[in-house]
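Undergrad: Sequence first, then the predicted structure:
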Amino acid sequence: MDDSSSAFAHTINALRVRVDRRLGDLLLPAEAGPGRLAEAARYALLAPGKRFRPMLTLLAAEAFGAADGAALDAGCAIEMVHAASLILDDLPCMDDAGLRRGRPTAHKVFGEATAILAAIGLLNRAYGVIAADTALSPARADLAARLSHAVGFEGLVAGQARDLADRDRARSPAEIDLLNHQKTGVLIMAAAEAGAMAAGAPAAAIEAVGVFARELGLAFQIRDDLIDAESGPEAAGKDTGKDAGMTTLVTALGHGGAAEAMERHLDAAWAALDSVGVGESLLAHYARGLFEGRKAAA
């Protein structure tokens, strides 16, 4: 690893530690509240992870010149939404998963009722964090509206409903892209846009970052489907094979075709960043690093 790569890795690790520390500060301590509710929320939220979404928020903010820390709470709020969505996705009535981020899912440890309540608590806490974040002013209302759209009836909720419906029916690549965007891409878009908004970036830059994040999200889901098809649970850190019998881009296009589709989405993502002059930013460097080695393995 050369000096520039080492410095970049150090920067990313320092940001991740900062996010983890702030996430812990924004939640009640594990022993607070009735039963094991706060403990369950902390278990799901603070599970070891890359913090991909808050990292996009922080790095998008940096790319457009935000003051240090201006986007930290916004990124943490989006991670709370993501953690809540994972709790719900893993439930027996949804994807029925037993492993997440390398350890038992929340409902396996705390029971279904407590897990559901922890997810609702995290989701509501996210909006409370945004409402209290004076560093975001005057973007708070806009970010809350975007996040509501990402979570709601055209976003995560719709995506999960679409995923549950007619799972055995063959889907077209366009239908799969819509599903992937709603289940994965919308929150990635909200994360990156939040960073640009925290920096006070112009509307054209926020739009370009949204395009970047949409394309990145579609590529990310294809990457996830390739991992699901190729890896066991230990390597993936979560249950694999949950897509068996479902149409994904891997089953529709084959491994090679899916990998090519992923590359097309990534090319569009880099082009969007180039269009607003941040194609060589830490944000771009970080996003590219997520896919290193993926093409060769596909």
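TA: Good, I have the coordinates.

Undergrad: Next, count neighbours for Gly24.
TA: By other C-beta atoms under 10 Å, the residues close to Gly24 number 14. Heads up, the C-betas are built off the backbone N, CA and C, glycines and all.

Undergrad: How are the helices of the stretch 1-150 of the chain distributed by residue range?
TA: Here the stretch 1-150 of the chain has its helices, by DSSP state H, counting those that start in this stretch, at 3-26, 37-45, 52-63, 72-89, 106-110, 112-132, 140-151.

Undergrad: quick one: the helices in the stretch 151-298 of the chain?
TA: For the stretch 151-298 of the chain, the helices defined by DSSP H, counting those that start in this stretch occupy 156-164, 173-180, 186-198, 203-230, 233-236, 249-275, 282-289, 294-297.

Undergrad: Of the ones you listed, flag the one that's most buried.
TA: helix 186-198 (a mean of 28; mean count of other C-beta atoms under 10 Å).

Undergrad: What angle do helix 156-164 and that helix make with each other?
TA: Helix 186-198 and helix 156-164 are oriented at 160 degrees to each other (axes from the mean of the first three to the mean of the last three C-alpha atoms, to 10 degrees).

Undergrad: one step back: JSON lines please, covering the helices of the stretch 151-298 of the chain and showing distance to Leu117 and mean pLDDT.
TA: Output for those, formatted as JSON lines (distance: least, C-beta to C-beta, whole Å; pLDDT from 0 to 100):
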{"stretch": "helix 156-164", "distance to Leu117": "18", "mean pLDDT": "91"}
{"stretch": "helix 173-180", "distance to Leu117": "28", "mean pLDDT": "90"}
{"stretch": "helix 186-198", "distance to Leu117": "21", "mean pLDDT": "96"}
{"stretch": "helix 203-230", "distance to Leu117": "28", "mean pLDDT": "93"}
{"stretch": "helix 233-236", "distance to Leu117": "27", "mean pLDDT": "57"}
{"stretch": "helix 249-275", "distance to Leu117": "35", "mean pLDDT": "93"}
{"stretch": "helix 282-289", "distance to Leu117": "34", "mean pLDDT": "95"}
{"stretch": "helix 294-297", "distance to Leu117": "37", "mean pLDDT": "41"}
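
Undergrad: Can you tell me, leaving aside adjacent residues, what's nearest to Ala208?
TA: In this structure, Ala208 finds its nearest non-sequential neighbour in Val276, 4.4 Å apart by C-beta to C-beta, 6 or more residues apart in numbering.

Undergrad: I misspoke; the intended subject was Val278.
TA: Val278 sits nearest to Ala63 (C-beta to C-beta, 6+ apart), 4.3 Å away.

Undergrad: Once you drop chain neighbours, what's closest to the most centrally placed residue in the chain?
TA: Note on the chain: the residue nearest the mean C-alpha position is Arg53, at 4.4 Å, using C-alpha atoms, centre = their mean. The shortest distance from Arg53 to any non-neighbouring residue, by C-beta to C-beta, 6+ apart, is to Ala191 (4.0 Å).

Undergrad: distance of that neighbour from Phe212?
TA: Distance from Ala191 to Phe212, counting by C-beta to C-beta, to the nearest Å: 11 Å.

Undergrad: I'd say the residue nearest to the centre of the chain and Gly75 touch.
TA: Yes - between Arg53 and Gly75 there is a contact at 7.0 Å, judged by C-beta atoms under 8 Å.
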